[in-house]
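K.L.:
please work out how this folds:
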Amino acid sequence: MNRVILTIVCVLPVLASAMADTLSFRNDVLPVLARAGCANGACHAKAGGQNGFQLSIFSHNPKADHRQIAQVARGRRIFPAAPEESLLLLKATQTIDHEGGKRFDRNSEFYRLLHTWIGQGAPWASTNELNLERIAVSPAQRQYKKNAQQQLKITAHYSDGSERDVTGLAHYQSNDDAVAEVDEDGRVTVGNIPGEAVIVVRYVEQVSVSRLLVPTERRLPDQLYEKLPVHNDVDRLVFARHKQLGLLVSEHCSDSEFIRRASLDTVGKLPTSDRVRSFLASDDSRKREKLIDELLADADWADHWAVKWADLIRPNTQRVGVKPVYLLDRWIRRKFRSDTPYDEFVSELLTAVGSSHESGPVALFRDKREPAAAGAFVSRIFMGVRLECAQCHHHPSEKWGQDDYYQLAAFFGSMKRKGQGISAPISGEPEYWWWQPGGTVKHPVSAEVMKPQPPDGQVGEIGKDTDPRSVLVNWLLEPENPYFGRAVVNRIWGEMFGRGIVHPVDDFRASNPPTNEPLLDWLARDFVQYGFDLKRTMRHILRSRVYQSSSLPNENNLGDDKNFARSYRRRLPAEVMSDALTKVTGVLETFDGLALGESAKRNWNSLVGSTLLDTFGRPDSSAECPCERDPSPTIVQSLHLMNSSKLEGRIAHRIGRASKLGKGELKPGQIVEELYLTAYSRLPSVDETKVAAAGIAAAKDDASSRQKAIEDLMWALINTPEFVLNH
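P.N.:
Numbers count the residues shown, from 1 in each chain. Coordinates of the predicted model:
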């Protein structure tokens, strides 16, 4: 990453096949058809094909494609005795009318290769058929100046150790055209703005990337970085990245900002006014560290984080039944309350057996009933990899294919069940789940029985008396597993910062690389090495100078939205917002199925009615888990806080905070201070105190009028970004 490239442009060969040899349909012909656009979703690979000719999307089914060309319609598309008269060539060169237009010329290398292949009798395989093992992009990673150009080179590596230049046959796509564009021949043109981009390269079923960095031309003095306090390795790795990009972290956040943010992020509740006063008044140099330890030991930590994992795991009661979902929710909370190491949590969940009315984790299999659904769930939640695209065809921007998808599903192919199945909406009777050898998962195209194998991993032969799920868990928990540790620490980081190091947090792929790979690797290694301790990872993050930075940008990080050069402001989640309103108004919320005054975080059933929770992003109960929440503020949320009659009733309640303050002995300035500390975790400014206290003092000299003035102030404080956001 140290070399700077100005302009490099070269001409590369398109094909490297030896025309004298028997050509391979898979290795030689399919790449030409793909590059010519015949096998894309807008042409012959769309649903139903085009004019009776259908190819598989992304060429995921080569044998079917070969059959379509060489055999279907009595082989009318090729004419081996006179290849130039083949419909395949006549259409592609638009010698005869072709709705898709001309795809290549008669004197092109594409034409010559197809002509040769047809003349050879359109063989399926070459004399010595090779397997494509990987592709390599050169340069794979490089730093550029603005407006530079670079020609990429793509090399295909085959099973016999041979290589082939396939630059002219690959497909290219930039993930950020503003930083760098790439043309169809692999020529990269860098733009005028600093940043980072990834060029995704796809050839046949292989995907690789070229990462490019365009640093700012304004170099900051090294002394600025040397002066930054480094609390731990999180800071060291983030600041190294900032130096590379010309970013400078924002100032330290204030004590008020820190106690509010850390409390909301860690335990999902506002700190009390007394706790804020004590924290602000303390001159202990270690008070932030002590606060972090206090928060991680708080009983509300378990419920706050259990809600986050329940979003990912907990199914819909109307599909799975009330009791199984209730038991699963209790199990999740129990594990978090007992600080169960994450490896034990996952192991118990993924190897569950028993009755759905006795074992909480069994609800997972009751919901993910088919092996493919269970495999895709494990991949997304515990590996951070979305394999769903590979269910029907090769993943468009990754190396995963149908084999990977169904080999993972095979780990769950021997699960057995009896009892009442799903009969929504009640599903009242128990269902029993267990493992028993003998089940199989078949490839939907080839009908081949799939052997259990994890994506990019090997587990060897599995004994006939061994539950394959336990083998999968053991593979996940291996110290060198490339997915498990990285997936969970990235998810935690995403919760604490509002975006992951890989973002979205469950979309790990070559074409979506981490913004700071050394940081992700360090967090994952530490997490695994020290016993899969969730709180340890959170403590690293909370103690870091990076987490404790202000949400106010400086001139060097104003445009940053993914390198954590400042704190990103985030809206409070639904349950946290509900509890915050309870804290400010002093009036308890009620939920069906929960005791009066229970925190909204204890809610285990997403069907429990609550306009507030729905407005602020509670997951849709009809959605398939994992349920992703949209953290964006909306106009509906603002209108709810301004106009909700229920909220107005809580503000004006006869036993609420406003009523008690109205009847109490506190002076107007002290009332203002109490409300600001409760809602914002800070003291009001002189001007804020003056204006608000004057409004209260101007009320008639009776408790009712005084209460009305306090209610107005409380309503105003709630209806501000400072309250709705976590900063």
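K.L.:
residue 690: neighbour count?
P.N.:
Residues near residue 690, counting by other C-beta atoms under 10 Å, number 12. The C-beta positions use only the backbone N, C-alpha and C, and glycine is treated the same way.
K.L.:
is it in a helix, a strand, or coil?
P.N.:
Under DSSP: H, G, I helix; E, B strand; the rest coil, the three-state class of residue 690 is helix.
K.L.:
can you give me the buried ones in stretch 320-332?
P.N.:
320, 321, 322, 323, 324, 325, 326, 327, 328, 329, 331, 332 (16 or more other C-beta atoms under 10 Å).
K.L.:
over to stretch 422-440?
P.N.:
Taking 16+ other C-beta under 10 Å as the basis for neighbour counts, the residues of stretch 422-440 that come out buried are 422, 427, 430, 431, 432, 433, 435.
K.L.:
got these as JSON lines, with distance to residue 21, pLDDT and secondary structure columns?
P.N.:
As requested, these are arranged in JSON lines below (distance: C-beta to C-beta, whole Å; pLDDT from 0 to 100; DSSP: H, G, I helix; E, B strand; the rest coil):
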{"residue": "422", "distance to residue 21": "56", "pLDDT": "78", "secondary structure": "coil"}
{"residue": "427", "distance to residue 21": "61", "pLDDT": "60", "secondary structure": "coil"}
{"residue": "430", "distance to residue 21": "63", "pLDDT": "90", "secondary structure": "coil"}
{"residue": "431", "distance to residue 21": "58", "pLDDT": "93", "secondary structure": "strand"}
{"residue": "432", "distance to residue 21": "59", "pLDDT": "96", "secondary structure": "strand"}
{"residue": "433", "distance to residue 21": "54", "pLDDT": "96", "secondary structure": "strand"}
{"residue": "435", "distance to residue 21": "49", "pLDDT": "95", "secondary structure": "strand"}
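K.L.:
related to what we said a few turns ago, now, which of the buried residues of stretch 320-332 lie within helices?
P.N.:
Among the buried residues of stretch 320-332, the residues falling in helices (DSSP state H) are 320, 322, 323, 324, 325, 326, 327, 328, 329, 331, 332.
K.L.:
distance of the last one from residue 628?
P.N.:
When distance is defined by C-beta to C-beta, to the nearest Å, residue 332 is 18 Å away from residue 628.
K.L.:
any stretches of this structure with poor pLDDT?
P.N.:
For the chain, applying pLDDT under 70 flags the ranges 1-20, 41, 45, 393-397, 423-427, 621-626.
K.L.:
hey, where'd the strands end up in it?
P.N.:
Counting by DSSP state E, one finds strands in the chain at the ranges 4-8, 132-138, 141-151, 153-158, 163-165, 171-174, 180-182, 187-190, 195-203, 206-214, 354-355, 415-419, 431-435.
K.L.:
with distance to residue 607 added, can I get those in TSV?
P.N.:
Converted to TSV, the strands of the chain look like this (distance: least, C-beta to C-beta, whole Å):
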stretch	distance to residue 607
strand 4-8	57
strand 132-138	48
strand 141-151	49
strand 153-158	52
strand 163-165	57
strand 171-174	42
strand 180-182	48
strand 187-190	51
strand 195-203	41
strand 206-214	41
strand 354-355	23
strand 415-419	23
strand 431-435	20
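K.L.:
what about the closest residue to residue 663 other than its chain neighbours, how many neighbours?
P.N.:
Nearest-residue entry for residue 663: residue 703, 4.8 Å, with adjacent residues in sequence omitted and distances by C-beta to C-beta, 6 or more residues apart in numbering. Residue 703 sits with 14 neighbouring residues when counted by other C-beta under 10 Å.
K.L.:
ok, now residue 56?
P.N.:
Other residues near residue 56 number 21, with proximity taken as other C-beta under 10 Å.
K.L.:
verify the stated contact: it with residue 63.
P.N.:
No - Residue 56 sits out of contact with residue 63 when judged by C-beta atoms under 8 Å, with a separation of 9.3 Å.
K.L.:
residue 187 and residue 148 touch, don't they?
P.N.:
No - look at residue 187 against residue 148 with C-beta under 8 Å: they stay out of range, at 11.3 Å.
K.L.:
distance of the closest residue to residue 159 other than its chain neighbours relative to residue 202?
P.N.:
Setting aside the residues directly before and after it, residue 159 is nearest to residue 131 in space (C-beta to C-beta, 6+ apart), at 4.1 Å. Here residue 131 is placed at a distance of 17 Å from residue 202 (C-beta to C-beta).
K.L.:
equivalent analysis for residue 303, please.
P.N.:
Residue 303 sits 44 Å away from residue 202, taking C-beta to C-beta as the criterion.
K.L.:
who has more neighbours out of residue 131 and residue 202?
P.N.:
When neighbours are counted by other C-beta under 10 Å, residue 202 comes out ahead of the other of residue 131 and residue 202, with 24 against 9.
K.L.:
for the residue nearest to that one when sequence neighbours are not counted, give its distance to residue 77.
P.N.:
Nearest in space to residue 202, with sequence neighbours left out and distances taken as C-beta to C-beta, 6+ apart, is residue 171 at 4.6 Å. Remark: distance between residue 171 and residue 77 (C-beta to C-beta) = 24 Å.
K.L.:
try residue 576
P.N.:
Remark: distance between residue 576 and residue 77 (C-beta to C-beta) = 62 Å.
K.L.:
more neighbours, these two?
P.N.:
Neighbours around residue 576 and residue 77, counted as other C-beta under 10 Å, are more numerous at residue 576. The numbers are 24 against 20.
K.L.:
just to revisit the earlier point, tabulate the buried residues of stretch 422-440 (JSON lines), appending distance to residue 207.
P.N.:
Supplementary listing: the buried residues of stretch 422-440 in JSON lines, determined by distance: C-beta to C-beta, whole Å:
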{"residue": "422", "distance to residue 207": "37"}
{"residue": "427", "distance to residue 207": "41"}
{"residue": "430", "distance to residue 207": "45"}
{"residue": "431", "distance to residue 207": "40"}
{"residue": "432", "distance to residue 207": "42"}
{"residue": "433", "distance to residue 207": "36"}
{"residue": "435", "distance to residue 207": "35"}
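K.L.:
of all these, which two lie farthest apart?
P.N.:
Farthest pair in these (C-beta to C-beta) is 427 and 435. Separation: 22.1 Å.
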